[in-house]
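A.B. asks: Attaching a predicted model along with its sequence, questions to come.
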Amino acid sequence: DAKTTQPNSMESNEEEPVHLPCNHSTISGTDYIHWYRQLPSQGPEYVIHGLTSNVNNRMASLAIAEDRKSSTLILHRATLRDAAVYYCILRERGADGLTFGKGTHLIIQP
Amino acid sequence: EAGVAQSPRYKIIEKRQSVAFWCNPISGHATLYWYQQILGQGPKLLIQFQNNGVVDDSQLPKDRFSAERLKGVDSTLKIQPAKLEDSAVYLCASSLQGYGTGELFFGEGSRLTVL
């Protein structure tokens, strides 16, 4: 799996938007961009994924650069419950598993 | 819909003892994964099953770790003998059959402490 680079940690205030960056300069044309998050003492949970176009769901938005070498996960209005480690993962089309990096530890201040 | 069930949630053992973890995936999910997560790191894949066959066990330390998925449903991960460095959370996940975009559903994990 191609590698991703994320900041070790980020801090934001409650009820403000959060933009979590991810660099993946060696991404191939068949790699999907997946985001998972891991709340304290829980297993990871799916957030969102995309290939080329921006994506929205009830949890977040995913903005993908035109050259696909970077992406940003957007939490539109952070709550304390969004404090977690966020993982950006490249997953080749047809591949089953996920290869996790260290992720970004998101801290939300009240 | 019931999620991925794992037990036990916590286990403390002495080094050189053995331990087993159990996982019951979401009903109908053909693919099952075991991950190891050491404190401060992301999860690392140990083994992947498709139904009751092994798809990938390249990162499983086979001298001490074993896993099985009888009848293509429940799975058990065993460590024998345990080492100090095996202290970690063992996560089980499941997904519908493959194709690269399917969501993985994780259990809450089993936390192992080896003294």
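C.D. replies: On my side now, so go ahead.
A.B. asks: What values do phi and psi take at the residue nearest to B:Q80 when sequence neighbours are not counted?
C.D. replies: Distance criterion C-beta to C-beta, 6 or more residues apart in numbering or on different chains; nearest residue to B:Q80, sequence neighbours excluded, is B:S18 at 3.7 Å. Backbone N, C-alpha and C define where each C-beta goes, glycine included. Torsion angles at B:S18 (phi, psi; degrees, to the nearest 10) stand at phi -110, psi 160.
A.B. asks: show me what contacts B:S18?
C.D. replies: Counting by C-beta atoms under 8 Å, 6 or more residues apart in numbering or on different chains, B:S18 makes contact with B:78-82.
A.B. asks: before we move on, what about B:R69?
C.D. replies: Contacts of B:R69 by C-beta under 8 Å, 6+ apart are B:32, B:49, B:51-52, B:75.
A.B. asks: Lowest-confidence member of the residues you listed, which is it?
C.D. replies: Lowest pLDDT within the contacts of B:R69 is found at B:N52 (84).
A.B. asks: rewinding a little: which among the contacts of B:R69 end up buried?
C.D. replies: Buried members of these, counted by 16 or more other C-beta atoms under 10 Å in any protein chain shown: B:32, B:49, B:75.
A.B. asks: In CSV, list those along with distance to chain A.
C.D. replies: Output for the buried ones among the contacts of B:R69, formatted as CSV (distance: C-beta to the nearest C-beta, whole Å):
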residue, distance to chain A
B:L32, 10
B:F49, 10
B:S75, 15
